[in-house]
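Enquirer: Give me the fold of what follows.
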Amino acid sequence: MNSQDRINSGLASIQNRMNAFIFPGQGAQFVGMGHELYSTNNKAKLLFDTANEVLGFEITKEMFDGTEEGLKQTKITQPAVFLHSVILAKTLPNFNPDMVAGHSLGELSALVANSTLDFEDGLKLVAIRAQAMQKACETNPSTMAAIIGLEDTIIEDVCQNIDEIVVAANYNCPGQLVISGTNDGIDKACKILTEKGARRALKLPVGGAFHSPLMEPAREELAEAIEATKFNTPSCPIYQNVSNTAETDIKRIKNNLIAQLTAPVKWSQSVENMIVSGATKFIELGPGKALQGMLIKINKDIERSGIS
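Expert: Modelled structure (predicted):
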């Protein structure tokens, strides 16, 4: 089954429901991502080619034929994941979401999907975000770790009592919280949290402490770019990582997007609020199935699928 067949098959089950489209963030990338879509869909090919021009380098070469190591670079990863997700949305027939959300970087994909941002403007912001974050990582060597099997409050308390910068960064789902901070701080936190009963305290292969105060230089740089970018009235609400509630006001959307770089991703809370607001089916658009895996742990009864 090729990409277009999968799109049509996925779309067939997305009728007469309140559909929430969700978009993954950094970490979902893989070599070869988007290649089949590029090869089988003329509109997708045009958008990928446009992206190469906007970025000033062949992101398609990195996505289709690059290396795993190359794709892990923040400046490559973020535009690659964004493009895969957004171009899927752009090529879906009759794409008409009732609500959208994105995990971290995926929030920018969601803002293009609901027409708040134009494709090229969204891509430019992603490129600026990625470069600024990579620069911040190089200035302040730091990392993140996934803590499995402990209550959020225990993790938060441990982070607050470490004499380094360590914060709760991603509330992914019950029993899984990602922490972010200095290298020494993360090492100390992992040791203490393991002693307190965490099933796993796993350091992640990331370049820095995303969603922590260490990203402040990147936040300032992104804020300037966001303020200079045209935002349109959304076609549907976005549930943002910072507020985790339905947002349609452009000023609030901008402020939340700026704050996101140093604030935690409240993904679990966002999904719960989407369900309360009437979401009956969640469709993940983009590489991987990470968000679908989180959904199972947030609400095992909710209908979910993915198109990649």
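Enquirer: Alpha carbons only: can I get the longest helix seen in the chain in PDB?
Expert: When the chain is parsed with DSSP state H, its longest helix is helix 119-139. This file holds the C-alpha atoms of helix 119-139, laid out as PDB (Å, rounded to 0.1, in the frame of the first residue of the first chain):
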ATOM      1  CA  PHE A 119       3.400  26.900   5.100                       C
ATOM      2  CA  GLU A 120       6.500  29.000   4.400                       C
ATOM      3  CA  ASP A 121       6.200  31.200   7.500                       C
ATOM      4  CA  GLY A 122       5.800  28.100   9.600                       C
ATOM      5  CA  LEU A 123       8.900  26.500   8.100                       C
ATOM      6  CA  LYS A 124      10.900  29.700   8.600                       C
ATOM      7  CA  LEU A 125       9.900  29.800  12.300                       C
ATOM      8  CA  VAL A 126      10.900  26.100  12.700                       C
ATOM      9  CA  ALA A 127      14.300  26.800  11.200                       C
ATOM     10  CA  ILE A 128      14.900  29.700  13.500                       C
ATOM     11  CA  ARG A 129      13.700  27.700  16.500                       C
ATOM     12  CA  ALA A 130      16.000  24.800  15.600                       C
ATOM     13  CA  GLN A 131      19.000  27.000  15.100                       C
ATOM     14  CA  ALA A 132      18.400  28.900  18.300                       C
ATOM     15  CA  MET A 133      17.900  25.800  20.300                       C
ATOM     16  CA  GLN A 134      21.100  24.200  18.900                       C
ATOM     17  CA  LYS A 135      23.000  27.300  19.700                       C
ATOM     18  CA  ALA A 136      21.700  27.200  23.300                       C
ATOM     19  CA  CYS A 137      22.600  23.600  23.600                       C
ATOM     20  CA  GLU A 138      26.200  24.300  22.500                       C
ATOM     21  CA  THR A 139      26.500  27.200  25.000                       C
END
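Enquirer: name the helices or strands packed onto the helix or strand that it is followed by?
Expert: Downstream of helix 119-139, the next assigned helix or strand under DSSP states H and E is strand 142-148. For strand 142-148, the elements it packs on are strand 176-182, helix 183-195, strand 200-203, judged by 3 or more CB pairs under 8 Å, 6 or more residues apart in numbering; DSSP states H and E. C-beta: built from backbone N, CA, C; applies to glycine.
Enquirer: re earlier: relative orientation of the longest helix of the chain and strand 142-148 in degrees?
Expert: 100 degrees (axes from the mean of the first three to the mean of the last three CA atoms, to 10 degrees).
Enquirer: Going by residue numbers, what spans are strands in the stretch 151-300 of the chain?
Expert: 166-173, 176-182, 200-203, 238-239, 246-247, 281-285 (DSSP state E, counting those that start in this stretch).
Enquirer: Can you add mean neighbour count and mean pLDDT and give those strands back as a markdown table?
Expert: Output for the strands of the stretch 151-300 of the chain, formatted as a markdown table (neighbours: other CB atoms under 10 Å; pLDDT from 0 to 100):
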| stretch | mean neighbour count | mean pLDDT |
| --- | --- | --- |
| strand 166-173 | 23 | 97 |
| strand 176-182 | 25 | 97 |
| strand 200-203 | 16 | 94 |
| strand 238-239 | 27 | 98 |
| strand 246-247 | 19 | 98 |
| strand 281-285 | 24 | 97 |
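Enquirer: Could you point out which of the ones you listed sits nearest M18?
Expert: Between M18 and those, the shortest gap by CB to CB is with strand 281-285, which sits at 7.5 Å.
Enquirer: Partner strands of the closest one and their direction?
Expert: The sheet places strand 281-285 alongside strand 19-23 (parallel), strand 303-307 (parallel), with pairing taken from DSSP bridges.
Enquirer: Show residues contacting that strand.
Expert: Identification of contacts with strand 281-285 by CB atoms under 8 Å, 6 or more residues apart in numbering yields 10, 13-14, 17-24, 85, 88-89, 92, 109, 113, 271, 274, 291-292, 295, 302-308.
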